[in-house]
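Chemist: Got a sequence here, can you model it:
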Amino acid sequence: MGERLSGKRIFLTGAAQGIGEAIARECLREGAHVFLIDRDGDLLARTVESMKAVENALGFAAADITDAEAIDAAMAAAHAAIGPINALINNAGVNVFHTPLETSDAEWNRCFDINLKGAWNCCKAALPAMIAGGGGSILNIASTHAFTIIPHTFPYPLAKHALLGMTKALALEYAAVGIRVNALAPGYVETQKAVDYWNSFPDPAVARAKTLAMHPGKSIATPTEIAKAAVFMISDECPFMNAACLVVDGGLSMLQHPE
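Modeler: Residues are numbered from 1 along each chain as shown. All right, here's what the predicted structure looks like:
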C-alpha cells in the first residue's frame, strides 16, 4: 500500500465496474478511505466484496445520483462510515448517442440528468463539509466529448461540455476556501461497455482492431491507466492545479484525420 492519498476521504460515484471500480482500487491502494456509490446495489456489493479492503477504509451504498435526496442520505452515511468527505470523484455517467432530430425529450433528459445534474447533486452534497474542513478536491470524469464533437453522438457531448463548464465555475467560486475542482477527460477505454460495443458487430475482433488503429500508438487505455491519472489529480501532488482538464486519450484528440 502507498500513502499518496493518506488522509483522503473520498466519495466516488459509478464505482461498481469499469473506470469507477479501477479508481476505487487505486485509491484504496494509495491509502485513502473511500465510500462507493452505484445505482446497481447488487453489483456494487459484489465489487466491494472482491476488494477485501482494510478495516474502516471502505463503505458503500446503492444510490441514484439523479436523486438529490438519495445522494444527501448517502453523503451522511459516508460521513458516518469514513468521516467528513474531503474529496469527491464524479465518475458516474451514461452514453446517449443519437442524431439531433432523433433525440427524444426522454433521452435528452436522461443524458443531462445523469451526466450533469447527477454530478451537481454530488458536488452540492460534498461542498459544505469541504468548506467547513478548510478545503478539498473535486474531480469530474468528463470525456474528450467535452471539447470535441463526433457526429451522431448527440446530446452526450453537450452534457460533457456543460460538465466542463461546471468544473471551471465551481473551481473559481471556491478556490479562495481551499477547494480545487478539476476534470479528467478519457478517450477510448477498454471497459465492458467498449467490449459490448465491439461485440455488436458481426466480427468483434475487426471492430476492436479498427478502434485501436485510430490511435497514434495503436492502443487504447485500460481502466487502471485512467485510475492512476485520477489518483494524481485528487492527491496533493498537484496543489496548484485548479479549473483544469487533464486529457488521457493517447493523443487521439490531436489527430485531424484519424486513420
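Chemist: so where is the protein shaky, pLDDT-wise?
Modeler: For the chain, residues meeting the criterion pLDDT under 70 lie at 53-56, 258-259.
Chemist: what helices or strands is the lengthiest helix in it leaning on?
Modeler: Ranked by residue count, the top helix of the chain under DSSP state H comes out as helix 156-174. Counting by 3 or more C-beta pairs under 8 Å, 6 or more residues apart in numbering; DSSP states H and E, the packing neighbours recorded for helix 156-174 are helix 105-112, helix 118-132, strand 136-141, strand 179-186. For glycine as for every other residue, the C-beta is placed from the backbone atoms N, C-alpha and C.
Chemist: and that helix, C-alpha only, in PDB?
Modeler: The C-alpha coordinates for helix 156-174 follow below in PDB (Å, rounded to 0.1, in the frame of the first residue of the first chain):
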ATOM      1  CA  TYR A 156     -23.800  13.400 -25.000                       C
ATOM      2  CA  PRO A 157     -21.100  16.000 -26.000                       C
ATOM      3  CA  LEU A 158     -23.500  18.800 -24.900                       C
ATOM      4  CA  ALA A 159     -23.700  17.400 -21.400                       C
ATOM      5  CA  LYS A 160     -19.900  16.800 -21.200                       C
ATOM      6  CA  HIS A 161     -19.200  20.300 -22.500                       C
ATOM      7  CA  ALA A 162     -21.500  21.600 -19.700                       C
ATOM      8  CA  LEU A 163     -19.800  19.400 -17.100                       C
ATOM      9  CA  LEU A 164     -16.500  21.000 -18.100                       C
ATOM     10  CA  GLY A 165     -18.100  24.400 -17.700                       C
ATOM     11  CA  MET A 166     -19.400  23.500 -14.300                       C
ATOM     12  CA  THR A 167     -15.900  22.300 -13.300                       C
ATOM     13  CA  LYS A 168     -14.500  25.700 -14.200                       C
ATOM     14  CA  ALA A 169     -17.300  27.700 -12.500                       C
ATOM     15  CA  LEU A 170     -17.000  25.800  -9.200                       C
ATOM     16  CA  ALA A 171     -13.200  25.900  -9.300                       C
ATOM     17  CA  LEU A 172     -13.300  29.700  -9.400                       C
ATOM     18  CA  GLU A 173     -16.100  30.000  -6.900                       C
ATOM     19  CA  TYR A 174     -14.400  28.000  -4.200                       C
END
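Chemist: As a markdown table, the helices and strands packed on helix 156-174 with mean neighbour count and distance to residue 27 would be great.
Modeler: Putting the helices and strands packed on helix 156-174 into a markdown table (neighbours: other C-beta atoms under 10 Å; distance: least, C-beta to C-beta, whole Å) gives the following:
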| stretch | mean neighbour count | distance to residue 27 |
| --- | --- | --- |
| helix 105-112 | 15 | 27 |
| helix 118-132 | 20 | 15 |
| strand 136-141 | 26 | 11 |
| strand 179-186 | 25 | 13 |
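Chemist: Tell me which of the ones you listed sits nearest to residue 32.
Modeler: Evaluated over the helices and strands packed on helix 156-174, closeness to residue 32 peaks at strand 136-141, with 11.2 Å, by C-beta to C-beta.
Chemist: what's next to the closest one, contact-wise?
Modeler: Contacts with strand 136-141, where a contact means C-beta atoms under 8 Å, 6 or more residues apart in numbering, come from 8, 14, 19, 85-91, 93, 119, 123, 126, 129-130, 163-164, 166-167, 170, 178-184, 186, 230, 233-234.
Chemist: quick check: angle from it to helix 118-132?
Modeler: Angle of strand 136-141 versus helix 118-132, following axes from the mean of the first three to the mean of the last three C-alpha atoms, to 10 degrees, is 170 degrees.
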